[in-house]
Every structure is written in C-alpha cells, then in structure tokens.
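Undergrad: Predicted coordinates and the sequence they were generated for:
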Amino acid sequence: MHTYGIDMEHHIIAANEGNCAALAAGYHLATGKVPVVYMQNSGEGNIINPVASLLSDKVYAIPMIFVIGWRGEPGIHDEPQHIYQGQVTIKLLDDMDIQSFVISKETTVDELQSVMTEYNASLQKGKNVAFVIRKGALSYEEKVIYKNDNQMLREEIIQHIVAVSGEDPIISTTGKASRELFETREANGQSHKYDFLTVGSMGHASSIALGVAINKPEQKIWCIDGDGAVLMHMGAMAVMGSVKPQNLVHIVINNGAHETVGGMPTVAQSADLPAVAKACGYDMVSQAASFAELDKALQAAKTTAGLRFIEVASAIGAREDLGRPTTTALENKQNFMGYVASV
C-alpha cells in the first residue's frame with residue numbers, strides 16, 4: 001500500500017477473497033504471469049470454489065500464489081471466531097491440493113528462496129501454492145494512517161442507534177462494530193440479550209438479520225452493517241429487496257475502509273450504496289452525514305413499516321482501549337435466542 005497505493009497494474013483490493021482469485025485468474029490469462037493473492041485465513045472458504053472449479057490443474061491449471069495470514073494458529077491465543085479456522089487452515093490447503101509453507105520470525109531468505117525454487121516447478125504445472133504467515137512473522141516499521149473527511153465516529157453512531165432501537169433485536173456485523181455495540185450496552189448498564197454479534201462470517205450479518213426478520217414479522221429487527229461487509233456479499237441486498245420484510249432496518253456505517261484489519265480502503269467511496277439498495281427493491285432509502293440526519297432517519301425507521309436502508313457516513317478510527325465481548329459466542333447465541341423467542 002505504501003509503495004504502490006491501489007492501481008490496476010500492481011494492487012487491487014477486491015470485495016472478497018473469491019473475487020481476488022478470479023481477478024488474479026484473469027491477470028494470468030491476459031499476461032501469462034503468476035499472480036499473488038494475499039488474505040487472512042478467515043477467507044479460505046471464499047476461495048474454495050474458484051480453486052476447485054477454476055484454478056485446479058484438473059480444470060484450467062491456472063497457477064497462483066496465496067499469501068495467508070494465520071489467525072487462530074493452534075497454541076496462539078486469538079478470538080473465538082478464529083480458533084476453528086486456525087485449526088483447519090493447513091488442512092484446507094492440503095484438501096485443495098495447495099502446497100503450503102509456514103513463514104515464522106525465524107524463516108530466512110535462503111529458506112524462502114529454496115521453497116520458491118520448488119514452488120516454481122509446481123507453478124509451471126498449473127498448480128497453486130501458499131505461504132502461511134504466522135503472527136509476528138512480518139513487520140513494517142513506518143506508521144500508516146488512514147482517514148477520511150467524515151465527522152461522526154462509528155461508536156457514537158451505534159450509541160444513537162441503540163438509543164432509538166430500544167429493546168428491538170440488533171444483528172451487528174463483524175469487527176469493531178460488534179465490539180462497540182457490546183461496549184455501548186456495558187456503558188448503559190443494559191443486557192446483551194438484545195444483540196447478536198456476528199463476530200465472524202464477514203458479509204453475512206444482513207442475511208442473518210433477514211432470517212430473523214422473516215420469522216419474527218411483528219418485531220422490528222435492526223442490522224448494523226459495514227461498507228466492507230456489504231460489498232463482500234452484495235447479492236444479499238437483492239435477496240432482501242425481493243423478500244421485502246416490512247420489519248427490517250438495514251444500516252450501513254460507511255467509512256470507506258476495512259478498518260478492523262488495518263484501515264485499507266474499500267471501493268464503497270466510489271459506489272452509490274443507497275442507489276444499489278433502491279435498485280434491489282428496498283422500500284425506503286436514506287443517507288446521514290450528521291447526527292441530526294441520523295436521528296431523523298432512525299426515528300422514521302422506528303415508527304414506520306417497510307424495508308429500510310440507511311447509509312451513515314463515518315470517520316475512520318476507534319478508541320485504543322476498545323474492549324472485546326466478555327461473553328462467549330455460545331452465550332451470546334443462547335441469550336439472543338431466548339430473548340427473540342420471548343418477543
């Protein structure tokens with residue numbers, strides 16, 4: 001990012017990992033060169049289909065190098081959503097016939113060169129290879145700061161949502177948004193039973209919310225989403241617009257960044273998400289760039305029926321002492337289900 005930024009020739013941040021693999025396949029078809037796809041191991045599931053049905057040497061034999069950050073490595077403390085993914089990271093690569101080499105702090109340049117020599121032989125046969133990066137194996141000394149011109153902080157936006165939603169169930173997206181929702185409940189002295197925190201499964205919070213809304217038609221359901229998550233599986237919006245539940249409020253906090261994993265930009269700054277929502281069939285669409293606009297939109301959503309989309313312009317950044325949920329994922333599910341069953 002520091003060296004190249006984002007441009008068509010060097011470095012493109014796609015909507016999800018499967019998109020990356022397909023984009024890289026196009027690069028190979030056009031140039032004959034070997035592309036590199038880098039990602040967190042959380043995204044391995046998104047590459048399984050293109051790897052198995054497109055890249056495989058049993059199909060089109062498109063060579064590719066994957067660089068995969070290893071969250072949840074066995075023996076290394078991590079968040080619950082990464083534990084199982086971490087356990088199966090190497091196994092999934094083996095199952096997909098992708099050779100892998102684990103890079104640690106102790107890995108030398110000579111070792112990498114030796115592995116790359118071996119990998120080149122496999123790549124020439126149209127096979128895929130991977131470097132799996134242990135925590136702390138790579139470092140970058142320069143301080144990188146991402147920012148935009150928006151004024152509202154995401155945590156404050158969530159506080160406003162909570163104030164209006166009352167005791168309505170909320171489904172929140174992956175990353176800092178769910179952490180901030182949890183912290184907001186803590187600060188308010190409220191129960192966490194109202195919220196389902198989608199700590200993993202990025203891009204699917206809105207579909208979870210849709211499933212809840214369909215089966216609780218008399219109960220207002222709120223979804224707190226992010227721009228990166230929406231882009232990752234945007235097809236969910238078309239499904240929501242087709243089903244058109246009259247009790248669902250879909251709020252996208254848009255800071256134009258994948259903030260939870262560093263702040264790298266998304267393409268949401270150049271995409272018109274409200275127009276997408278309208279085209280998908282949402283009943284009401286609005287935008288908010290101030291707390292006055294946000295509160296007006298939230299009150300309208302609270303008091304009127306219909307499938308509603310609210311895009312909220314957010315600054316990039318979170319407080320450094322932002323905590324993490326102190327309840328387990330299973331406790332969160334059980335408390336939420338118990339509450340939803342009672343309303």
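TA: Perfect, thanks for sending it.

Undergrad: hey, where'd the strands end up in the chain?
TA: Using DSSP state E, the strands of the chain run over 36-40, 64-69, 99-103, 128-133, 170-172, 195-197, 221-226, 248-254, 257-258, 264-265, 284-288, 308-313.

Undergrad: List the contacts of the first one.
TA: To tie it back to what came earlier, the one meant is strand 36-40. Strand 36-40 has contacts (C-beta atoms under 8 Å, 6 or more residues apart in numbering) with 17, 20-21, 24, 47, 64-69, 71, 261. The C-beta positions use only the backbone N, C-alpha and C, and glycine is treated the same way.

Undergrad: what's the weakest-modelled helix or strand in this structure?
TA: Least confident element among the helices and strands of the chain, by mean pLDDT, DSSP states H and E: strand 264-265 (a mean of 86).

Undergrad: what's that one packed up against?
TA: Applying 3 or more C-beta pairs under 8 Å, 6 or more residues apart in numbering; DSSP states H and E, one finds that strand 264-265 makes contact with strand 257-258.

Undergrad: so what's residue 234 up against?
TA: Residue 234 touches 15, 276, counting by C-beta under 8 Å, 6+ apart.

Undergrad: Show me the helices in the chain, by range?
TA: Per DSSP state H, the chain carries helices over the ranges 17-31, 44-50, 80-95, 109-124, 154-165, 176-188, 205-215, 227-232, 235-243, 273-280, 291-303, 329-342.

Undergrad: Just name the most buried of the ones you listed.
TA: Mean neighbours per residue, mean count of other C-beta atoms under 10 Å, is largest over the helices of the chain for helix 227-232, with a mean of 26.

Undergrad: what's in contact with that helix?
TA: Here helix 227-232 has contacts from 15-16, 173-174, 202-206, 237, 252-258, 266-268, 271, 273, using C-beta under 8 Å, 6+ apart.

Undergrad: rerun at 6 Å
TA: With contact meaning C-beta atoms under 6 Å, 6 or more residues apart in numbering, helix 227-232 is reached by 15-16, 173, 202-203, 252, 254, 258, 266, 268.

Undergrad: State the distance from residue 214 to residue 281.
TA: Plainly put, residue 214 is 15 Å away from residue 281 if you go by C-beta to C-beta, to the nearest Å.

Undergrad: repeat for residue 2
TA: Distance from residue 2 to residue 281, counting by C-beta to C-beta: 41 Å.

Undergrad: ok, those two, which is more surrounded?
TA: Taking other C-beta atoms under 10 Å, residue 2 and residue 281 do not tie; residue 281 has more neighbours (15 against 7).

Undergrad: What score does that one have for pLDDT?
TA: On the pLDDT scale, residue 281 is placed at 98.

Undergrad: Then residue 144?
TA: 78.

Undergrad: Could you pull up phi and psi at the spatially closest residue to it that is not a sequence neighbour?
TA: The spatial neighbour of residue 144 that comes closest, neighbours along the chain excluded (C-beta to C-beta, 6 or more residues apart in numbering), is residue 2 at 6.4 Å. As for residue 2, its main-chain torsions (degrees, to the nearest 10) stand at phi -70, psi -40.

Undergrad: how close does residue 2 get to residue 149?
TA: 21 Å.

Undergrad: returning to what we had before: got a markdown table for the helices of the chain, with distance to residue 311 too?
TA: A markdown table is the format used below for those (distance: least, C-beta to C-beta, whole Å):
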| stretch | distance to residue 311 |
| --- | --- |
| helix 17-31 | 22 |
| helix 44-50 | 25 |
| helix 80-95 | 26 |
| helix 109-124 | 42 |
| helix 154-165 | 11 |
| helix 176-188 | 14 |
| helix 205-215 | 13 |
| helix 227-232 | 8 |
| helix 235-243 | 12 |
| helix 273-280 | 5 |
| helix 291-303 | 9 |
| helix 329-342 | 26 |
